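Asks: With the input below, show me the fold.
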Amino acid sequence: MMSVNTLEKAISELPPTELAKLAAWFEEFLADQWDRQIEADAAAGKLDRLADAANEDFEAGRCTEL
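Replies: Residues are numbered from 1 along each chain as shown. Alright, predicted model coming up:
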C-alpha cells in the first residue's frame, strides 16, 4: 500500500489533464462514499429521530415552501 506522502508526490507531478481526470474521479468517489454512509445510517435507524422531527414540524405547519 502506498503512503499518503507517496501519493501526494505522484499527484503533484501529474500533468494538468491527468490531474483534472483524477480530481473528477475523486469527487465521484467521495460522493459514492457519502451515499453509502447515508444509506447505512438510514438502514440502521440513525436518521429516524431526524425524520420524525421533520414530520412533526411539517404536520404542525412549521415549514416554509422552497
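
Asks: What is the burial count for residue 14?
Replies: Using other CB atoms under 10 Å, residue 14 has 13 other residues around it. No exception for glycine: its C-beta is placed from N, CA and C like everyone else's.

Asks: Also residue 21?
Replies: 12.

Asks: so which helix or strand takes in it?
Replies: According to DSSP states H and E, residue 21 maps onto helix 16-43.

Asks: That helix: how far from the chain's middle?
Replies: Distance of helix 16-43 from the chain centroid (CA atoms, centre = their mean, to the nearest Å) equals 7 Å.

Asks: ditto for stretch 56-66
Replies: Distance, centroid of stretch 56-66 to centroid of chain: 27 Å (CA atoms, centre = their mean).

Asks: That stretch: which residues count as buried?
Replies: Neighbour counts over stretch 56-66 (16 or more other CB atoms under 10 Å) mark no residue as buried.

Asks: any idea of the mean pLDDT in that stretch?
Replies: For stretch 56-66, the mean per-residue pLDDT is 93.

Asks: just the angle between the lowest-mean-pLDDT helix or strand in the chain and helix 16-43, please?
Replies: Taking mean pLDDT, DSSP states H and E as the measure, the chain has helix 48-59 as its least confident helix or strand, at a mean of 95. Interaxial angle, helix 48-59 versus helix 16-43 (axes from the mean of the first three to the mean of the last three CA atoms, to 10 degrees): 80 degrees.

Asks: That concludes my questions; thank you for your assistance.
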